[in-house]
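Visitor: I'll drop the sequence and a predicted model, then ask my questions.
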Amino acid sequence: MARAETALLRLPGFSRLAGSALLNTIAFAGEQVVLGWLALDLTNSPLLVGVALGLRMAPMLLIGLPAGVLADRGDRLVLLRGANTTMALALTGLGLLTVLGRVTFGLVLGLTFLIGCARALQQVAQQVHTHDLVGAGRLTEALGVLGIAMRIGGLTGALLAGRLIGGLGPGAAYLAAASTSLLGTLMLPRHSSPAVRSPTTPGSVWEGLRGFLAAARAERRLPVLMALTAAGEVLGFSHQAVLPTLARDVLRVGPEGLGAMNAVRQAGGIIGMLGVGRLSQMGGPTTLFVSLLGVFGAGVAGLGLAPGYAAVLLLLLLINAVGSVADVLGQSLMQQTVPAALRGRASGAWVVAIGVGPAGQLQIGALVSWLGVAAALGLSGAALVVVAAGARFLVSRARHF
């Protein structure tokens, strides 16, 4: 980690926020692994796995902007604590139901949706509180540090969940995720940093949404960035929904293999985060963002042609390194295109953009059911390459982007 990123960890409150992010992502990644495996076990349908994983992300689309208004107007730490506690309780409920043999696919969907709602609020509040702690000048580097912590947590959570599912069953994996989420709540900073806290604005949530939409019309880069982020989610990150089928039915590596595949995804994210600060200083962040989306799409298409388990792991490492850098650049660019008083809503816009991810998970689940894994990944990845190429052409001709 570079000296600038290391210095961020000495800021009051930021190291605790990074520790909380690490613990929460252990829970988040573990829950993703167990959800995919349990959904496939309960339904034996790749399409319904896509439904379950999509429902996990759907709240991002539904409540992202209202969550942004709340983050602009309220105490970010209170929101973080409430969201984390809700996730811990819902995960506990899923764990107990599974251990007792009372779990059904409908209950899994309902509690997963609740977890997704809490996760959407947590994502927005964490981004804006990061800005409170470090200021605009170091936001990209700070998001990179958080990204490293979250990828380490994701790697740990994926491996742990795979082991627990194989040894003790999905219920134990859910309960472990709940415990880790609760620890992440306790790790949060005790106080905000008043020196750089973004100003709050009065009024109702509806008035806040209207103000944000007016700002989006005035600053045309914001909706474009939202659209490109959404394309990355629908056509790129949706490859995650294929992994349970790939592990069980194609590679035949079981839940431990699925956990390892998700862990390698997180390791790729760590590699990307280690370079995001230096890459962001190379100039032309929007051009870099678009170019990385194209590389991401090419990698996803290649994943469908990988000849074996080792090749799949290598490609997952590479494409998630690229995808993680694009992810952080998108977050940072959105916050930097709006006034300080709207940063929460800009974070909410990013959450809304990634909230369209369920559409991608549904479409790739359907494609797997109809055409097979290789064709589904190839079509999704190729479509993202086309979108990125078109955006790259438009950005090169724009004067102020």
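Guide: Everything's here; your move.

Visitor: what's downstream of the helix or strand harbouring Asn320, the next helix or strand?
Guide: Element membership for Asn320 (DSSP states H and E) is helix 309-336. Using DSSP H and E, the helix or strand that follows helix 309-336 towards the C-terminus is helix 343-354.

Visitor: For that next one, the averaged confidence score.
Guide: Here helix 343-354 scores 74 as its mean pLDDT.

Visitor: May I see the buried residues of the helix or strand containing Arg163?
Guide: Using DSSP H and E, Arg163 sits in helix 139-167. Neighbour-count burial for helix 139-167, counted by 16 or more other C-beta atoms under 10 Å, picks out 139-166. All C-beta spots, glycine's among them, are computed from the backbone N, C-alpha and C.

Visitor: What is the distance between stretch 104-120 and the centre of its chain?
Guide: Offset of stretch 104-120 from its chain centre (C-alpha atoms, centre = their mean, to the nearest Å): 16 Å.

Visitor: er, stretch 78-90 actually
Guide: Once both centres are worked out by C-alpha atoms, centre = their mean, stretch 78-90 turns out to sit 17 Å from its chain's centre.

Visitor: separation between the residue positioned nearest the centre of the chain and Gly330?
Guide: When C-alpha atoms, centre = their mean is applied to the chain, the residue found nearest the centroid is Ile354 (7.5 Å). Using C-beta to C-beta, to the nearest Å, Ile354 is found at 9 Å from Gly330.

Visitor: shared neighbours, the two?
Guide: Overlap of the contact sets of Ile354 and Gly330 (by C-beta atoms under 8 Å, 6 or more residues apart in numbering) consists of Thr229.

Visitor: residues in contact with Thr85?
Guide: Counting by C-beta under 8 Å, 6+ apart, Thr85 has contacts Leu182, Thr185.

Visitor: by contact count, what packs against the helix or strand where Gly360 lies?
Guide: Using DSSP H and E, Gly360 sits within helix 357-371. Judged by 3 or more C-beta pairs under 8 Å, 6 or more residues apart in numbering; DSSP states H and E, helix 357-371 is in contact with helix 46-73, helix 221-235, helix 373-397.

Visitor: Flag every buried residue along the helix holding Asn320.
Guide: Those would be 309, 312-313, 315-335, for helix 309-336 by 16+ other C-beta under 10 Å.

Visitor: now the helix holding Gly360 and helix 46-73, what's the angle there?
Guide: Inter-element angle recorded for helix 357-371 and helix 46-73: 170 degrees (by axes from the mean of the first three to the mean of the last three C-alpha atoms, to 10 degrees).

Visitor: Checking the nearest residue to His239 once chain neighbours are set aside next. Helix, strand or coil?
Guide: Excluding the flanking residues, the one nearest His239 by C-beta to C-beta, 6 or more residues apart in numbering is Val300, at 5.1 Å. Recorded secondary structure, Val300: helix (DSSP: H, G, I helix; E, B strand; the rest coil).

Visitor: In contact with Val300, which residues?
Guide: Leu235, Gly236, His239, Ile319, Leu377, Ser380, Gly381, Leu384.

Visitor: ok, the first one touching Gly294?
Guide: Right, Leu235. No - between Leu235 and Gly294 there is no contact under C-beta atoms under 8 Å: 11.0 Å.

Visitor: which neighbours do the two share?
Guide: Common neighbours of Leu235 and Gly294 (C-beta under 8 Å, 6+ apart) are Leu384.

Visitor: who's more crowded, those two?
Guide: Leu235 (29 against 20; other C-beta atoms under 10 Å).

Visitor: Give me the below-cutoff pLDDT ranges for this structure.
Guide: 1-5, 136-137, 191-220, 276-283, 338-344, 396-401 (pLDDT under 70).

Visitor: try it again with 50
Guide: Within the chain, the segments meeting pLDDT under 50 span 194-197.

Visitor: Make JSON lines from the helices and strands packed on helix 357-371 and add distance to Arg345 to it.
Guide: Below are the helices and strands packed on helix 357-371 laid out as JSON lines (distance: least, C-beta to C-beta, whole Å):
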{"stretch": "helix 46-73", "distance to Arg345": "4"}
{"stretch": "helix 221-235", "distance to Arg345": "10"}
{"stretch": "helix 373-397", "distance to Arg345": "23"}
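
Visitor: Highest mean neighbour count out of these?
Guide: Among those, ranked by average contacts under mean count of other C-beta atoms under 10 Å, first place goes to helix 46-73 (a mean of 24).

Visitor: For it, what is the distance to the chain centroid?
Guide: Worked out by C-alpha atoms, centre = their mean, helix 46-73 lies 11 Å from the chain centre.

Visitor: Can you check what angle separates the helix or strand that it is followed by from helix 46-73?
Guide: Using DSSP H and E, the helix or strand that follows helix 46-73 towards the C-terminus is helix 76-99. Put simply, helix 76-99 runs at 160 degrees to helix 46-73, going by the same axes, to 10 degrees.

Visitor: quick one: buried residues of helix 76-99?
Guide: Neighbour-count burial for helix 76-99 [16+ other C-beta under 10 Å]: 76-77, 79-81, 83-84, 86-95, 97-99.

Visitor: From Pro170, how far out is the residue nearest to His239?
Guide: 27 Å.

Visitor: again with Ser369
Guide: 23 Å.

Visitor: circling back to that earlier point, angle of the helix holding Asn320 against helix 221-235?
Guide: 160 degrees.

Visitor: just checking, Leu315 touches Leu303?
Guide: Yes - between Leu315 and Leu303 there is a contact under C-beta under 8 Å: 4.9 Å.

Visitor: pretty sure Leu96 is touching Pro170, no?
Guide: No - with contacts counted by C-beta under 8 Å, Leu96 stays clear of Pro170, the gap being 11.8 Å.

Visitor: Ala267 contacts Gly153, correct?
Guide: No - the criterion here is C-beta under 8 Å, and Ala267 misses it with Gly153 at 11.9 Å.

Visitor: Select, out of the helices and strands packed on helix 357-371, the one closest to Arg16.
Guide: Closest to Arg16 of the helices and strands packed on helix 357-371 is helix 46-73 (C-beta to C-beta; 18.5 Å).
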